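Asks: can you look at this prediction? I've put the sequence above it.
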Amino acid sequence: MSQTTDAVSIYPYFQVHPGKLDAVRPLLARFIAKTETEKNCLWYNFTLDGDVVHCREAYVGAQGVIEHLDNVGALVEEMLTMSDLARLELHGPATELDKLRERCAPLNPAWFVSQCGISR
């Protein structure tokens with residue numbers, strides 16, 4: 001089985017509060033430092049569009065997502081003092097997403113179920 005067959009990707013979009021972008025930037029580096037210790041992280045990076053911070057991230061299965069959420073929970077709380085979670089998407093196989101539905105439900109994510117594709 002390919003390591004990415006059960007991959008789950010997360011796409012949060014944070015709308016940074018006015019005047020807080022300079023305070024958010026060092027927090028992004030702290031997210032990276034914590035996340036790079038996770039063995040089930042496939043990729044993780046931040047992009048910016050004006051005052052919207054977007055994180056592109058993927059993990060080996062739901063377990064990788066759970067480990068990540070446990071690892072960066074305090075940083076997410078800090079981020080939410082300087083921004084609002086404008087949108088959250090979770091993408092992956094139905095069997096993996098189902099393992100996350102209860103845990104992630106309070107964040108009101110959009111759930112994108114994998115249909116077809118290739119993995120290398």
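Replies: Everything's here; your move. Residues are numbered from 1 along each chain as shown.
Asks: any weak-confidence spans in this structure?
Replies: The model of the chain has pLDDT under 70 over residues 1-4.
Asks: tell me where the chain has strands.
Replies: 7-16, 41-49, 52-60, 83-92, 110-113 (DSSP state E).
Asks: adjacent strands (with direction) for the fourth one?
Replies: As defined by DSSP bridges, the strand partners of strand 83-92 come to strand 7-16 (antiparallel), strand 110-113 (parallel).
Asks: next, the buried residues of that strand.
Replies: 83, 88, 90-92 (16 or more other Cβ atoms under 10 Å). In this view, the C-beta of every residue, glycine as well, is placed from N, C-alpha and C.
Asks: need the contact list for the residue lying closest to Gly64 once chain neighbours are set aside.
Replies: Closest residue to Gly64 apart from its sequence neighbours, by Cβ to Cβ, 6 or more residues apart in numbering: Asn40 at 3.1 Å. With contacts defined as Cβ atoms under 8 Å, 6 or more residues apart in numbering, the neighbours of Asn40 are 59-61, 63-64, 67-68.
Asks: pull out the buried residues from those.
Replies: Buried, going by 16+ other Cβ under 10 Å: 59-61, 64, 67-68, out of those.
Asks: just give me the closest of these to Phe14.
Replies: His68 (16.0 Å; Cβ to Cβ).
Asks: please report how far that closest one lies from Val113.
Replies: 20 Å (Cβ to Cβ, to the nearest Å).
Asks: just put the strands of the chain in a markdown table and tack on distance to Arg103.
Replies: Shown next, in a markdown table, are the strands of the chain (distance: least, Cβ to Cβ, whole Å):
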| stretch | distance to Arg103 |
| --- | --- |
| strand 7-16 | 12 |
| strand 41-49 | 17 |
| strand 52-60 | 13 |
| strand 83-92 | 10 |
| strand 110-113 | 13 |
